[in-house]
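# Quick one, what's the 3D model for this:
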Amino acid sequence: MPLHLQFGTDDLLRCRFAVSPLCETHEAVRTLRRTERHGYHLPWLRRIHSAVRGLDLTPLWLLMPQHGGYTPDFLGPPTLESGSPAPVFADELERVRGTDPSLARAELVRSLESTPGAARSAAGRAMLDDPARAVRELADLTERAWHALIAPDWPRLRDLLEADIAHRARQLAEGGLERLFADLHPRLSWSEGTLSVRTTYRGLQVQQLRGRGVLMIPSVFVWPDVVSGFAPPWQPAVLYPARGVGNLWQRPTAGSAQALSRLLGANRAAVLSALDCPASTTALAARLGLAPSSVSAHLASLRDAGLLTSRRVRHQVLYERTALGIALLCGGAEPEG
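Here you go, the predicted model:
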């Protein structure tokens with residue numbers, strides 16, 4: 001059953017984007033145990049293997065049920081309440097540390113009930129008996145996970161997340177929420193003022209936003225899932241997969257550009273390589289110093305080969321790489337780790 005987020009007039013004005021290093025940390029922790037997420041992250045998983053062995057992530061995993069369960073909202077309080085669309089990790093963590101113990105206990109109960117036997121386990125009973133201590137220990141563990149799993153790569157991850165937000169902002173400006181939600185994720189749909197999110201969680205099915213709006217948070221690690229929820233008192237939020245994850249961990253080799261040029265020809269290879277974000281024929285011609293007619297011919301050939309896709313946005317046609325195009329571009333790249 002989908003979760004339905006019902007918008008009012010004020011909510012339409014309060015749909016915003018933010019980057020959250022805290023949410024990325026918890027999604028990275030979750031990814032370690034979810035093999036369906038591993039495909040794009042194998043180089044990263046190999047590289048952080050030793051660091052993971054030095055961490056006992058069991059308390060966090062206990063609160064991350066595998067199939068449709070609830071993770072306490074206080075572990076990743078929506079970013080907008082901090083007043084910054086791009087907070088630093090330390091500020092977000094301080095908000096976790098400041099969680100009211102009574103609220104923490106209520107959310108811990110709800111989360112532990114999602115996993116049979118979790119509430120009766122020694123770790124579960126300890127959390128419920130002393131929720132203030134549980135908050136401190138979970139925050140400390142999250143901090144260690146941040147330094148081991150995310151911090152070394154955060155500048156790169158942040159750039160990708162911010163690039164996604166820039167792309168979504170253009171979509172919102174060009175076509176409003178209908179255009180934005182149509183392209184965000186296959187499990188999201190927009191109809192008559194309601195955003196429907198198909199998740200595996202079987203809890204609350206309808207949320208009246210009542211002027212709180214929705215915070216949209218791109219994530220490197222949430223693919224192929226989409227995560228939503230955050231019942232009151234939290235800001236409603238949706239975590240969705242950011243664009244460009246497929247070649248995030250690839251590092252070009254010295255001969256990859258030459259190999260692509262030999263395969264496609266120098267100018268076609270240059271056009272394919274230049275499409276890190278959707279662009280028009282005119283923009284690509286200016287960027288590459290080629291005649292627009294020449295770029296148009298190369299784009300047509302690449303699109304016919306299934307390496308690009310195109311879509312009309314008002315008076316211009318934008319081109320971007322398909323999954324096959326990304327795979328070809330990265331085929332001569334070397335995975336990190």
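
# All the strands of the stretch 201-337 of the chain, in order from the start?
With DSSP state E, counting those that start in this stretch as the criterion, the stretch 201-337 of the chain has strands at 206-208, 214-219, 227-229, 237-241, 250-252, 308-313, 316-321, 333-335.

# For residue 41, find the nearest of those strands.
For residue 41, the closest of the strands of the stretch 201-337 of the chain is strand 333-335, at 10.2 Å, according to CB to CB. For every residue, glycine as well, the C-beta is placed using N, CA and C.

# mean confidence for the closest one?
Confidence over strand 333-335 (mean pLDDT, whole number) is 51.

# got it, and stretch 51-58?
In the prediction, stretch 51-58 has an average pLDDT of 93.

# now do stretch 270-284
The model assigns stretch 270-284 a mean pLDDT of 85.

# which ones are touching residue 324?
Each residue near residue 324 by CB atoms under 8 Å, 6 or more residues apart in numbering is listed here: 306, 307.

# Against residue 44, how distant is residue 69?
Noted for residue 69: a distance of 25 Å to residue 44, by CB to CB, to the nearest Å.

# and what of residue 209?
35 Å.

# Tell me, how many residues neighbour residue 311?
11 (other CB atoms under 10 Å).

# got a pLDDT number for residue 263?
At residue 263, pLDDT is 89.

# show me the contacts for the spatially closest residue to it that is not a sequence neighbour.
In space, residue 263 comes closest to residue 269 once its chain neighbours are excluded; the distance is 7.4 Å by CB to CB, 6 or more residues apart in numbering. Residues in contact with residue 269 (CB under 8 Å, 6+ apart) are 257, 260, 261, 263.

# let's see 10 Å
By CB atoms under 10 Å, 6 or more residues apart in numbering, the contact list for residue 269 reads 257, 258, 259, 260, 261, 262, 263, 298, 302, 328, 329.

# Check the gap between the residue nearest the centre of the chain and residue 172 for me.
In the chain, the residue lying closest to the centroid (CA atoms, centre = their mean) is residue 219, at 1.4 Å. Residue 219 sits 18 Å away from residue 172, going by CB to CB.

# before we move on, what about residue 189?
17 Å.

# tilt between the biggest helix by length in the chain and strand 214-219?
When the chain is parsed with DSSP state H, its longest helix is helix 154-184. Going by axes from the mean of the first three to the mean of the last three CA atoms, to 10 degrees, helix 154-184 is angled at 120 degrees with respect to strand 214-219.

# following helix 154-184, which helix or strand shows up next?
strand 188-191 (DSSP states H and E).

# Mean confidence (pLDDT) on that following strand, please.
87.

# List the contacts of residue 127.
Contacts of residue 127 (CB under 10 Å, 6+ apart): 59, 62-63, 72, 104-105, 108-109, 111-112, 118-119, 121, 133-135, 137-138.

# roughly how far is whichever strand or helix holds it from the heart of the chain?
Secondary-structure assignment from DSSP H and E places residue 127 in helix 122-129. Relative to its chain's centre, helix 122-129 lies at 31 Å (CA atoms, centre = their mean, to the nearest Å).

# do the same with stretch 188-196
That offset, for stretch 188-196, works out to 20 Å (CA atoms, centre = their mean).

# And stretch 241-252, by the same measure?
12 Å.

# repeat for stretch 137-152
Its chain's C-alpha centre and that of stretch 137-152 lie 18 Å apart, by CA atoms, centre = their mean.

# what do you get for stretch 48-55?
Distance, centroid of stretch 48-55 to centroid of chain: 23 Å (CA atoms, centre = their mean).

# What of stretch 24-40?
11 Å.

# What residues sit buried inside that stretch?
24, 25, 26, 27, 28, 29, 30, 31, 32, 37, 40 (16 or more other CB atoms under 10 Å).
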